[in-house]
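In: Predicted model, plus sequence, below.
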Amino acid sequence: MTDDSSSGREVSTAGRARITQDVIGGLVLSMAGAFFAWQAWDLPLGSPGAMGPGMLPMSVAVLIAIGGAVLATTGLVAGGEVMTMPHLRGMFFIIGGIVLFGLTIRSLGLVVAGPVSMIFASAATDEMRPLETSVFAVCITVFCILLFKYALGLPIPVVAFM
Amino acid sequence: MDLFSNLAIGFGVAFTAQNLLLCFTGCMIGTLVGVLPGVGPVATIAMLLPLTFGLDPTGALIMLAGIYYGAQYGGSTTAILVNIPGEATSVVTTLDGHQMARQGRAGAALGIAALGSFFAGCVATLFIAAMGQPLTRLAQLFGPAEYFSLMIMGLVFSTVLARGSIFKAGLMVLLGLMFATVGTDLETGQERMTLGIPRLSDGIDFAPLAMGIFGFAEIIRNLESPEARDVLHDRIGRLLPSWDDIRQSAPAVLRGTLIGGLLGILPGNGAVLGPFASYAMEKKLAKDPSRFGRGAIEGVAGPESANNAGAQTAFIPLLTLGIPPNAVMALMVGAMTIHGVIPGPQVMTKNPELFWGMIASMWIGNAMLVIINMPLVGIWVKLLKVPYRLLFPAILVFCCIGIYSINNSVEDLYFTAFFAVVGYVLIKLGYEPAPLLLGFVLGKLMEEKLRQSLILSRGSFATFIDRPISAGLLAVAAIMLIVALLPSINRKREVAFQD
C-alpha cells in the first residue's frame, strides 16, 4: 500500500536497505503513543457509562502505539520509501528565528525582535546576501510597526528597552 | 419567500460603507498574501487574523471571508503564473493553466479563472442561503450520538481523501485527537497531560499548532530543495477571454460548480476532491482529450469553478452544524470564538444579521475579486518575482507577530516552534498532516458528544447503531472506507493524487 514505485523516488525493496520512512515513522509514533500513555497513566478511566478523564486519552494513546508498531513491522517486511536526511540547517535557523523573536519581543520590542529574527532565519539558505537581507529586514520591520502598531492598534511592544 | 427576505437582511448588512470596505480590504490583502508562493490559505488566514481583532464580530467575519477568497484566488494566480500550487486544490490548475501561460495566454487563463469562480461563487451563495434553514432544522434533530457519528464520518473522509496511505492518515487523525485531549478535562476539571506547563491547562491552541505544522514546517520543506521558480517573463496577454474561450468553458464552469459545490458540503475536506473530479470529467467529455495538459481552457475553467464552489459550500457544515469540515474552516471557528460567536445552528436564529450578512458578503467578495484582479495582475506578477530568500524571513516575522498578537503570549511562539518541528518530522516520515488537524479540531467536541451519548445510553455502544440517522452516517463512513481500501480503487486513488 505504501509502495508507490511510480513516483520516481528512491524505493527500497524487501531484503535490501530497510531503513524506510515507515519503519522509522512507525517507531516514532509508537514512542509518542507510549509517552502519552505514560502521561495519562494516573488519570481515572471510569466506565463506558461514566467516562473518566483518562478514558479517551488512554485509548487513543494505546491505538497510536499499536498502529505505529504495525506500520513499522509491515515496513520491515514490505519495504517502502527510503528516509532522506532532514534539512537540519533549515530547521535550526527557522526554529531559531521563532525562538529569538519570542525571547526579544517582550524585553526589547519589535524594533529589535523583527530584524534579529529575520536576519537569523535568512541564514537558512546559501543564497542569503548580508547587505540585502539587513536592509530588507529593517524595511519590513518598519512596515510591520506602522501596520500593526499604528494602523491596527495592536498592543505589540515596539520599543521596550527605553 | 423567506430566502429572499433573509438575503435582503444580509445585503442590508453587507452593503454598509464600513462592511464593503472591510470586504474589499480582506479580498485585497488576502490575494496579496495568497499570491506569495508557498503560502496557502491556512497560513494566510492565521497570519492575517490579528488584523480583524479590533472589529465588531460581523465586520471581522466579513473581512475574514474576504481574506479567505482572496487567498484562494491568489493561490490560483500563483498556480497559473509560476506553476507552484499554494495548496492541494490548485494542483489541478497548474496542469493546463501554466501551459496556457507559457503559450502567452496567461491573461485568458487568469480571466476565465476569475469569471468561473465568480459564477461558482454566485451559485454557491444562493445554495448556502437556500440550504441554511433546512439544514439548521435538521441539526435540531441531532442528538449527541448523531453528532459523534457525523464527526466519525468526517474523519473517515479526511483519511480517505488524504494523499498517500490511508493507514498512515488514520494514525494522523489519532495523533490529532491525542493533542486535543491535552488540557483541563471539561467534566471533572482534572488536568490531563499538561507536563506541568500552566499554559497547557487551557489546552493546545489552534493557531500555534496550525501555523507550526502548516506554515513553518512547509517553509523548512521549501528550503530543502533549491528554488526552481519559473516566473513568466512573457506578456500576460489580454485578460478578457475571447467569445470562443467563453463558449468553450461555459459548460465546464457549470459542471465544475455543481461538482465542487456538492463535494464541498461533505465533512472531512470534500472540497479537495472538487477540482480533481471536475478535471477528470472535462477530460473524459472532451472531443479531443489530448489537448488536456497542453493548455486546454476547460481544464482551467472547470476545476477553478469547482474549487471556488467547494470553498464556499464548505461553510455549510460549519454554520449549520458547528462542525468545521477542513483546516480553513477550523481557523474560522477559532476566529469566531475570539469574537464571541460559537458556530452552530444557533448562529442563524440568534444572530441573523451576522449569518446573512456574511453570506451576502460572500457574493460581494466574489464580485470584488473579479474587479480587483483584472487591473492588478501586473502587481501580482511583480510580487511573484520576489525571491524566496527574502520572502521566507518576511513570512516568518509576519507569522510571529500574528501568533504573538492572538493572546499576547510569548509561550504561544514556543509552542509554534515545537509544532514546526513536529510538522517537519511528520512530513519527512511521509505523513500527511491535514487529517491530524481535523482530528485535533474535532477532538474536544467528539469526546464531549461521546461521553454524553454513552451517559444517555448507560454505557451501551449500541446507541450509535440503534438510532437511524447515526447508523446511516456510520454506514456511509464504513462504505467509503471499504471502497477506498479495495485494491483496484486504491491504486486509482494513488494515481489521482499524483497527477
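Out: Cool, the structure landed.
In: what about the helix or strand containing B:Ala306, distance to the chain center?
Out: Element membership for B:Ala306 (DSSP states H and E) is helix B:298-313. Remark: helix B:298-313 is offset 13 Å from the chain centroid, using C-alpha atoms, centre = their mean, to the nearest Å.
In: shouldn't B:Thr181 be in contact with A:Pro57?
Out: Yes: counting by C-beta atoms under 8 Å, A:Pro57 is a contact partner of B:Thr181 at 4.5 Å. Quick note: C-beta positions are derived from backbone N, CA and C, even for glycine.
In: Common neighbours of the two, please.
Out: B:Arg192, B:Met193 (C-beta atoms under 8 Å, 6 or more residues apart in numbering or on different chains).
In: Strands of chain A, residue ranges please.
Out: Using DSSP state E, the strands of chain A run over A:11-12, A:46-47, A:50-51, A:80-81.
In: C-alpha coordinates for the helix holding B:Ala306, PDB please?
Out: Output in PDB follows, covering the C-alpha atoms of helix B:298-313 (Å, rounded to 0.1, in the frame of the first residue of the first chain):
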ATOM      1  CA  GLU B 298     -11.700  23.900 -19.900                       C
ATOM      2  CA  GLY B 299      -9.000  22.400 -17.800                       C
ATOM      3  CA  VAL B 300      -8.700  25.700 -16.000                       C
ATOM      4  CA  ALA B 301     -12.300  26.800 -16.000                       C
ATOM      5  CA  GLY B 302     -13.900  23.600 -14.600                       C
ATOM      6  CA  PRO B 303     -11.500  23.000 -11.700                       C
ATOM      7  CA  GLU B 304     -11.300  26.600 -10.700                       C
ATOM      8  CA  SER B 305     -15.100  26.900 -10.600                       C
ATOM      9  CA  ALA B 306     -15.300  23.600  -8.600                       C
ATOM     10  CA  ASN B 307     -12.600  24.900  -6.300                       C
ATOM     11  CA  ASN B 308     -14.400  28.100  -5.500                       C
ATOM     12  CA  ALA B 309     -17.900  26.500  -5.200                       C
ATOM     13  CA  GLY B 310     -16.400  24.000  -2.800                       C
ATOM     14  CA  ALA B 311     -14.600  26.600  -0.800                       C
ATOM     15  CA  GLN B 312     -17.900  28.300  -0.200                       C
ATOM     16  CA  THR B 313     -20.200  25.400   0.400                       C
END
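In: Can you name the residues that contact B:Gln72?
Out: Applying C-beta under 8 Å, 6+ apart, the residues contacting B:Gln72 are B:Gly34, B:Pro41, B:Thr89, B:Ser117, B:Asn307, B:Asn308, B:Ala311.
In: circling back: got JSON lines for the strands of chain A, with mean neighbour count too?
Out: Shown next, in JSON lines, are those (neighbours: other C-beta atoms under 10 Å in any protein chain shown):
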{"stretch": "strand A:11-12", "mean neighbour count": "18"}
{"stretch": "strand A:46-47", "mean neighbour count": "14"}
{"stretch": "strand A:50-51", "mean neighbour count": "18"}
{"stretch": "strand A:80-81", "mean neighbour count": "24"}
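In: wait, which of these is closest to chain B?
Out: Distance to chain B, taken as C-beta to the nearest C-beta, is lowest for strand A:50-51 among the strands of chain A, at 4.9 Å.
In: Paired strands for that closest one, with orientation please.
Out: strand A:46-47 (antiparallel) (DSSP bridges).
In: can you give me the strands in the stretch 101-250 of chain B?
Out: For the stretch 101-250 of chain B, the strands defined by DSSP state E, counting those that start in this stretch occupy B:183-184, B:191-192.
In: Could you identify which of these is most buried?
Out: Ranked by mean neighbour count, the strands of the stretch 101-250 of chain B are led by strand B:191-192 with a mean of 20 (mean count of other C-beta atoms under 10 Å in any protein chain shown).
In: what number of residues lie near the residue of chain A found nearest chain B?
Out: For chain A, the nearest residue to chain B under the criterion C-beta to the nearest C-beta is A:Gly49, separated by 2.9 Å. When neighbours are defined as other C-beta atoms under 10 Å in any protein chain shown, A:Gly49 has 13 of them.
In: Repeat that for B:Phe24.
Out: 18.
In: In which helix or strand does it reside?
Out: For B:Phe24, the host element (DSSP H and E) is helix B:17-35.
In: how is chain A carved up into domains?
Out: Taking automatic domain parsing as the criterion, chain A consists of the domains A:5-81, A:88-151.
In: where does the residue nearest to the residue of chain A closest to chain B when sequence neighbours are not counted land on pLDDT?
Out: Ranked by C-beta to C-beta, 6 or more residues apart in numbering or on different chains and with sequence neighbours excluded, the top spatial neighbour of A:Gly49 is B:Gly459, at 2.9 Å. Per-residue confidence (pLDDT) for B:Gly459: 82.
In: The biggest helix by length in chain A and chain B, any residue contact?
Out: Criterion DSSP state H: the longest helix present in chain A is helix A:55-78. Yes: using C-beta under 8 Å from any C-beta of the partner chain, helix A:55-78 reaches chain B at A:Leu56, A:Pro57, A:Val60, A:Ala61, A:Leu63, A:Ile64, A:Gly67, A:Gly68, A:Val70, A:Leu71.
In: so for that helix, what's the average pLDDT?
Out: Helix A:55-78 comes out with an average pLDDT of 90.
In: ditto for stretch B:185-203
Out: Averaged over stretch B:185-203, pLDDT sits at 81.
In: distance between the ends of it?
Out: For stretch B:185-203, the first-to-last residue distance is 9 Å (C-alpha to C-alpha, to the nearest Å).
In: In CSV: the contacts of B:Gln72, plus distance to chain A and pLDDT.
Out: Shown next, in CSV, are the contacts of B:Gln72 (distance: C-beta to the nearest C-beta, whole Å; pLDDT from 0 to 100):
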residue, distance to chain A, pLDDT
B:Gly34, 18, 83
B:Pro41, 21, 81
B:Thr89, 21, 72
B:Ser117, 28, 88
B:Asn307, 24, 88
B:Asn308, 29, 88
B:Ala311, 26, 86
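In: most surrounded residue in the residues you listed?
Out: In the contacts of B:Gln72, the most neighbours by other C-beta under 10 Å go to B:Asn308, 35 neighbours.
In: pretty sure that residue contacts B:Leu115?
Out: No: the pair B:Asn308 / B:Leu115 is not scored as a contact, 10.8 Å apart, by C-beta under 8 Å.
In: Low-confidence stretches in the chain?
Out: Since you didn't name a chain, this refers to chain A. A:1-18, A:161-162 (pLDDT under 70).
In: oops, I was thinking of chain B
Out: Within chain B, the segments meeting pLDDT under 70 span B:1, B:86, B:88, B:226-237, B:268, B:488-499.
In: Which single residue of it ends up nearest chain A?
Out: For chain B, C-beta to the nearest C-beta, closest residue to chain A: B:Gly459, 2.9 Å.
In: number of nearby residues for that residue?
Out: When neighbours are counted by other C-beta under 10 Å, B:Gly459 registers 14.
In: Distance check, it against B:Pro387.
Out: To B:Pro387, B:Gly459 is 61 Å away according to C-beta to C-beta, to the nearest Å.
In: B:Phe206: what's it in contact with?
Out: Each residue near B:Phe206 by C-beta under 8 Å, 6+ apart is listed here: B:Ala330, B:Leu331, B:Val333, B:Gly334, B:Phe440, B:Val441.
In: again, only this time at 10 Å
Out: Listed by C-beta atoms under 10 Å, 6 or more residues apart in numbering or on different chains, the contact set of B:Phe206 reads B:46, B:180, B:324, B:327, B:330-331, B:333-335, B:337, B:406, B:437, B:440-441.
In: now B:Thr194
Out: Counting by C-beta under 10 Å, 6+ apart, B:Thr194 makes contact with A:Gln39, B:Val182, B:Gly183, B:Thr184, B:Leu200, B:Ser201, B:Asp202, B:Gly203, B:Ile204.
In: Identify the spatial nearest neighbour of the third one, chain neighbours not counted.
Out: In space, and not counting its chain neighbours, B:Gly183 is closest to B:Gly203: 3.0 Å by C-beta to C-beta, 6+ apart.
In: Next, that neighbour: phi, psi?
Out: Here is the backbone geometry of B:Gly203 (degrees, to the nearest 10): phi 90, psi 170.
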